[in-house]
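Asks: mind looking at a prediction? Sequence and model below.
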Amino acid sequence: MEQFLLENAERFKLLVSRFKPNAAPTKGGSEPGDSSPDILVSARVRPMLEDETDQGFPVGVYLRDGTNTLDFHELRRPVRGLPTISSFNYTVDRVFGPDATTADIYESLVKPLVPWAWGGGIGTMFAYGQTGSGKTFTVSGLEQLVAETLMDGSLDGERKIHICIIELAGQTAYDLLNSRKQISILEDSFGTTQMAGALEHQVTDKSSLLELIKAAASLRHTAPTLKNDTSSRSHAICRIRIENPLIPSAEDGLLYLIDLAGSEAARDKTDHDATRMKESREINTSLSVLKDCIRGRALADADVLGPSTNKRQGAYVPFRQSTLTKTLKHVFDPASNRSCRTVVVACVNPCAADVGASKNTLRYAEMLRVVVPKKKGVTYDLNVPATWNNEQLRSWIEKNSGNPPISASLLAPHETGPQLLRLPLSEFLTRCLKSDGVSPEQAQAFQAKFWKLHVDSSQQQRSNKKPDPASRTSTTASSNPSQTRLELLDCSADPDADSDAGVIPFKQRIRPGMVVSFDPPAEYAGFAVGGPRGKGLAVVLSPVWAVSRRVKDVRGALVNPVTEGNDDAHGAEGKGKREREDEAYLCALVMPGLLPGSYGVGLWRQVVVQVSRMEEEVLMEWDEATRYYYLTV
Ligand SMILES: Nc1ncnc2c1ncn2[C@@H]1O[C@H](COP(=O)(O)OP(=O)(O)OP(=O)(O)O)[C@@H](O)[C@H]1O
C-alpha cells in the first residue's frame, strides 16, 4: 500500500486539493447537548517528520479552518480506472495543528488543571495515539511547563509538593525515580490504591523538579517499532501530589501527567515475536479499559450532579480491570467523592501512509466524549443546590453561613450551585477562610451543610423517580412509558413483577429470560458452565415440552426426543403429561467474559436444566460500555 501511495503521491495531492468538505461533519459531529464539563478531548497533529517527507509521502490529515474538525484522506485503488480518495472527518473539543506549540496546548488545556490540583482537586492529562505520533514529545514539554507554573509563586498559599513517576508495563510496575525498582499496585483496607514501594520525592524548586522528570525519562523502557525506533512500550505516570499544610483534614490535590504506550495497527505488528505480540495485546486491552473508565466516570458525574440524565442509575466503571486504571482509582472510582478534571490529547501522525491508524486514534478520542443531553429548563428549587444560579447560590450562602458570615463573593464569585459542588474540598475551605474571623471548624461545618442539602435533595429526587411496582406496567404512569420499560429490560429482573414477587419461590416464577444458577448434571461436565462458585449459569429459553423435535443441546443430544408416553408432547394432551413430569427447561449457557466479573450469553450453547437442579435466580445487568453482562444484587 505504501508503494502504491508513493507511486500515486502527485495524484493524491491533486485530489486532496480539490476536496470540498461537506457542510456538516460526517463523523463526530456535535450532538444535541453539552460535552461533559469535566473532560476535554483534544487532538494534536504533529508536523511531518523529515524522513516521511524525504521518502515522498504526502500529508493525509488536515485541520478544517475555524473548526475543531480534522479531515482524513485515504488513497483508494479502484478495480478499474485511476485511484480515488476516500475522506472522513472527526470532531473533538479542541484541535491543534502542526504549527501549534506545546505551550499553546498547555495554555489551552493543561494550565487550568494546575490550580485545580493546587486547590485539592484531581487533574489528569492523558496523551494517547499511535506509536510515533508525538505523545512523549507532548507530555515531556507539558511536564516542564507544569513545573514552571507550580514553582513560579503565582499560585495562592503554601503547599508541599511531592512527585512520583512510575512505569506500567503489562501487569508490572516500576519506580522510575528509584532505578526502575519493581513496585506493587495494591488496594489497602480503606480501598485506597497504594503504589507500594514507590519513592515519593518532596520538591521545593523548579530545577529539582525538572531534574527528577529528566531522570525518569531516561529510565523508560523503549523498543523499536515500525514507526518509532525508541517507542515507549509502557505507560508512564507522573503523579504530583500537592499537600495543603493549612488544612490537614482535606485530601491532597493530585496532578497526573500520563504518557500512554503507543497503540500499534495490526499491519505494523506483522514482524512481532510472541513476547511483542503479548505486549501489544496488553497495551491494547489496557487502553480499551481506560476508555470505558473515562466514559463511565463522566456518565457517573453527569448522574451525580443534577437530575439524572443517564438512562442507567450509576454507570459502570470497570477500573479494576487493568493495572493502569487500578493505579488511577482516584480518578475513576464513582464511589469516591473527589472532584476530577480530565484532559485527553489524541496525538496524530499526519502522514498519508498512516491515515488508517490515525483514524483509529480519533475514533477512540470521539468515544471518550460524553455528551450530556441538554436538560430542559432546570427549575429553581430552594432545597436543590444543583438548580441554583450564581445569584441564588450567593443568597443561600449569605443566609446560611453563620457568624461571622462567609463572604459569598469570595466563596462563589461566579460559580453556580453545580459548579460549587464540583469544587475540591480544600479549595472550598480555603475560600471560606478568606472571610474575616472564619475558623476552619466553621468553614468545614458550612461545607458539610451545603453538601448535606445536595445529598438529601438527590435522594429525594431518586425516590420520587423510582417507579412503584403498580406504575411499572401502567401505560399512563410515565410520560414515555416505552422508554421506562426499555430501561427495565437492561436487567434480567422480571419487569412485570408485582410487589410480592420476592415472596413467591423462584421455581414457581420461571419464565423465559430468567437467569438461574444450577447444579450441572454429569452429562454437561466439560462444557463451559462457569458461574460463580463452580455452578452453572444459564438463561431460561423455554420449557422442554415446547421445543421442536429436531433441537439438540450443546452435546448434540436431542432435547425433546420421541419416547414412549411422550409422542405428542406438543398437543394439549402432551401439556397435561408435562405437568406430571419433573419439569425441565431449555436454557442458554452464561459464560465468563474476557473482562473480570463479566459474562456473555452463549445463545447457541443450549442445555436442558431440570427445575430440581436449579438453585436460585441470579440477576444480571447489561453494560453497554463493555458489551457484557455483570451480576447485580
Ligand atoms: N509536535 C512535534 N513537533 C516536532 N516533532 C515532533 C512533534 N511531535 C513528535 N515529534 C517527533 O516525532 C517523533 C516521535 O515522537 P514521540 O517519540 O513523542 O512519539 P510517541 O507517540 O511517544 O511514540 P511511542 O508511542 O512509540 O513512544 C520524535 O522524533 C519527536 O521528536
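Replies: In hand now; what should we look at? Numbers count the residues shown, from 1 in each chain.
Asks: wait, L209 touches V203, no?
Replies: Yes. Contact criterion CB atoms under 8 Å: L209 and V203 qualify, at 4.5 Å. Where you see a C-beta, it was placed from the backbone N, CA and C, and this is true even at glycine.
Asks: what do these two both touch?
Replies: Common contacts of L209 and V203 (CB atoms under 8 Å, 6 or more residues apart in numbering): I161, I163.
Asks: quick check: beta-bridge partners of V601?
Replies: Residues in a beta bridge with V601, per DSSP bridges, are V590.
Asks: run a quick neighbour tally on it.
Replies: Applying other CB atoms under 10 Å, we find 19 residues neighbouring V601.
Asks: so who does it touch?
Replies: Contacts for V601 (CB under 8 Å, 6+ apart) come out as V539, A588, L589, V590, M591, Y629.
Asks: how far away is it from the ligand?
Replies: 37 Å (CB to the nearest ligand atom, to the nearest Å).
Asks: hmm, back to that, closest one of the contacts of V601 to A196?
Replies: Using CB to CB, Y629 is the member of those that lies nearest A196, at 33.3 Å.
Asks: mind checking what secondary structure the closest one has?
Replies: Secondary structure, DSSP: H, G, I helix; E, B strand; the rest coil: Y629 is strand.
Asks: next up, the contacts around it.
Replies: Counted by CB under 8 Å, 6+ apart, Y629 has contacts V590, G593, S598, Y599, G600, V601, M620, E621, W622, D623.
Asks: tally of neighbours for the first one?
Replies: When neighbours are counted by other CB under 10 Å, V590 registers 27.
Asks: ok, now the last one?
Replies: Other residues lying near D623 total 19 when counted by other CB under 10 Å.
Asks: so what's it bridging to?
Replies: Y628.
Asks: is it in contact with Y630, as I believe?
Replies: Yes. Assessed by CB under 8 Å, D623 is found in contact with Y630 at 5.7 Å.
Asks: just to revisit the earlier point, in JSON lines: the contacts of V601, plus distance to S42 and pLDDT.
Replies: Below are the contacts of V601 laid out as JSON lines (distance: CB to CB, whole Å; pLDDT from 0 to 100):
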{"residue": "V539", "distance to S42": "43", "pLDDT": "95"}
{"residue": "A588", "distance to S42": "44", "pLDDT": "94"}
{"residue": "L589", "distance to S42": "44", "pLDDT": "92"}
{"residue": "V590", "distance to S42": "40", "pLDDT": "90"}
{"residue": "M591", "distance to S42": "39", "pLDDT": "84"}
{"residue": "Y629", "distance to S42": "34", "pLDDT": "82"}
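Asks: which member of these is positioned nearest Q392?
Replies: Y629 (43.1 Å).
Asks: how close does the closest one get to the ligand?
Replies: For Y629, the distance to the ligand - CB to the nearest ligand atom - is 34 Å.
Asks: likewise V607?
Replies: Distance from V607 to the ligand, by CB to the nearest ligand atom: 46 Å.
Asks: and the biggest helix by length in the chain, what does it pack onto?
Replies: Taking DSSP state H as the criterion, the chain has its longest helix at helix 274-304. Applying 3 or more CB pairs under 8 Å, 6 or more residues apart in numbering; DSSP states H and E, one finds that helix 274-304 contacts strand 122-129, helix 323-327, helix 329-332, strand 340-348, helix 355-368.
Asks: quick check: angle from it to strand 340-348?
Replies: Using axes from the mean of the first three to the mean of the last three CA atoms, to 10 degrees, one finds that helix 274-304 and strand 340-348 are set 140 degrees apart in direction.
Asks: gap between helix 274-304 and the chain center?
Replies: Relative to the chain's own centre, helix 274-304 is displaced by 7 Å; criterion: CA atoms, centre = their mean, to the nearest Å.
Asks: just the angle between that helix and strand 122-129, please?
Replies: Relative orientation of helix 274-304 versus strand 122-129 (the same axes, to 10 degrees): 140 degrees.
Asks: got the buried residues for helix 274-304?
Replies: Residues of helix 274-304 classed as buried: 279-280, 282-283, 285-304 (neighbour count, 16 or more other CB atoms under 10 Å).
Asks: same deal with stretch 614-633?
Replies: 614, 617-618, 620-623, 625-626, 628-631.
Asks: name the nearest residue to the residue of the stretch 51-200 of the chain found nearest the ligand, ignoring sequence neighbours.
Replies: Closest to the ligand within the stretch 51-200 of the chain is G134: 2.9 Å, counting by CB to the nearest ligand atom. Excluding its sequence neighbours, the residue lying closest to G134 (CB to CB, 6 or more residues apart in numbering) is R46, at 3.9 Å.
Asks: same check, this time on T327
Replies: I185 (5.2 Å).
Asks: from the contact counts, what lies against the helix or strand containing the one you found?
Replies: According to DSSP states H and E, I185 maps onto strand 181-187. Here strand 181-187 touches strand 172-175, strand 193-196, helix 323-327, going by 3+ CB pairs under 8 Å, 6+ apart.
Asks: who does that strand pair up with?
Replies: Note on strand 181-187: by DSSP bridges, its sheet partners are strand 172-175 (antiparallel), strand 193-196 (antiparallel).
Asks: which one of the helices and strands packed on strand 181-187 is the most hemmed in?
Replies: Highest mean neighbour count among the helices and strands packed on strand 181-187 (mean count of other CB atoms under 10 Å): helix 323-327, with a mean of 23.
Asks: which of the buried residues of stretch 614-633 scores worst on pLDDT?
Replies: Lowest pLDDT within the buried residues of stretch 614-633 is found at A625 (58).
Asks: how about the residue nearest to T327, what does it touch?
Replies: A173, T193, Q194, M195, A196, T323, K326, T327.
Asks: got JSON lines for the residues you listed, with distance to L429 and pLDDT too?
Replies: Shown next, in JSON lines, are those (distance: CB to CB, whole Å; pLDDT from 0 to 100):
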{"residue": "A173", "distance to L429": "33", "pLDDT": "90"}
{"residue": "T193", "distance to L429": "25", "pLDDT": "74"}
{"residue": "Q194", "distance to L429": "26", "pLDDT": "77"}
{"residue": "M195", "distance to L429": "27", "pLDDT": "81"}
{"residue": "A196", "distance to L429": "30", "pLDDT": "81"}
{"residue": "T323", "distance to L429": "34", "pLDDT": "85"}
{"residue": "K326", "distance to L429": "30", "pLDDT": "85"}
{"residue": "T327", "distance to L429": "28", "pLDDT": "85"}
